[in-house]
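Visitor: Here is my input; please provide its structure:
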Amino acid sequence: MTQLQAGESFDVVATRVRMGIGWDEDAGAGLARTGRPTVDLDATALQFAGGQLFDLAFYNNLSTRDGSVTHQGDNQTGSGEGDDESILVDLARVHGPVDTIVFLVSSYQGHSLEWVANAYCRLVDDESDEELARFTLTFSVTETGAVLALLRRTPSGWTLQAVGEGVAISKPTEGLAKLNRFVRS
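Guide: Reported below is the predicted structural model:
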């Protein structure tokens, strides 16, 4: 397993991969401290082709049209062991023009991600269940969302790039223009 830092890349050799995302709610979060319900983070995978949004998979749209990306279900509390949400990607089925898949996490209730602890994303070979790469978020993000990682199509296959940058998005279908800087045009 490769531990990634922001900006580092990893060449993906597996065909079916799973992006697992995990987090815990900070002890100070919730109604008493923030005036909002518990932190509900949502994982999203957005497919881009030539800088334009092609399709996305998230809690309200569990699969892309081509079936290559499938959200595995919504966890509204972050409780429990292991990945809280995961997204399955069949890289062999990704529509030809799609060159970038953005993995985003956002707070549905509009919490700053400062109220989240122990956040990570990890890329797993879905066939062998082997963890290929992990990116641990070890900083405070003041925005309501964060771009965790990018899968980029290259002439020789796919590469995972760790990002970990905050974006002001609480629902994945809002503010897509804020993702332009992460996507090739």
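
Visitor: can you pull out the strands in the chain?
Guide: Remark: strands assigned in the chain by DSSP state E are 2-4, 9-12, 16-25, 41-49, 52-57, 69-71, 85-90, 100-107, 116-125, 130-136, 145-154, 157-167.

Visitor: Could you pull up the residues touching His71?
Guide: The contact partners of His71, taken as Cβ atoms under 8 Å, 6 or more residues apart in numbering, are 43-45, 57-59, 61-63, 85, 87. Just so you know, the C-beta spots here come from the backbone N, C-alpha and C atoms, and that holds for glycine as well.

Visitor: buried subset of these?
Guide: Neighbour-count burial (16 or more other Cβ atoms under 10 Å) is assigned, among these, to 43-45, 57-59, 85, 87.

Visitor: on that earlier part again, I'd like the strands of the chain laid out as a markdown table, including distance to Gly175.
Guide: A markdown table is the format used below for the strands of the chain (distance: least, Cβ to Cβ, whole Å):
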| stretch | distance to Gly175 |
| --- | --- |
| strand 2-4 | 25 |
| strand 9-12 | 26 |
| strand 16-25 | 19 |
| strand 41-49 | 12 |
| strand 52-57 | 12 |
| strand 69-71 | 19 |
| strand 85-90 | 20 |
| strand 100-107 | 9 |
| strand 116-125 | 19 |
| strand 130-136 | 22 |
| strand 145-154 | 8 |
| strand 157-167 | 7 |
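
Visitor: Can you lay out the ones you listed as JSON lines showing mean pLDDT?
Guide: Output for the strands of the chain, formatted as JSON lines (pLDDT from 0 to 100):
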{"stretch": "strand 2-4", "mean pLDDT": "78"}
{"stretch": "strand 9-12", "mean pLDDT": "92"}
{"stretch": "strand 16-25", "mean pLDDT": "84"}
{"stretch": "strand 41-49", "mean pLDDT": "90"}
{"stretch": "strand 52-57", "mean pLDDT": "94"}
{"stretch": "strand 69-71", "mean pLDDT": "94"}
{"stretch": "strand 85-90", "mean pLDDT": "92"}
{"stretch": "strand 100-107", "mean pLDDT": "90"}
{"stretch": "strand 116-125", "mean pLDDT": "82"}
{"stretch": "strand 130-136", "mean pLDDT": "86"}
{"stretch": "strand 145-154", "mean pLDDT": "91"}
{"stretch": "strand 157-167", "mean pLDDT": "90"}
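
Visitor: Can you tell me which of the contacts of His71 is nearest Arg181?
Guide: Proximity of the contacts of His71 to Arg181 was ranked by Cβ to Cβ; the top entry is Thr44 with 16.9 Å.

Visitor: ok, that closest one touching Tyr108?
Guide: No: using Cβ atoms under 8 Å, Thr44 is not in contact with Tyr108; the gap is 10.8 Å.
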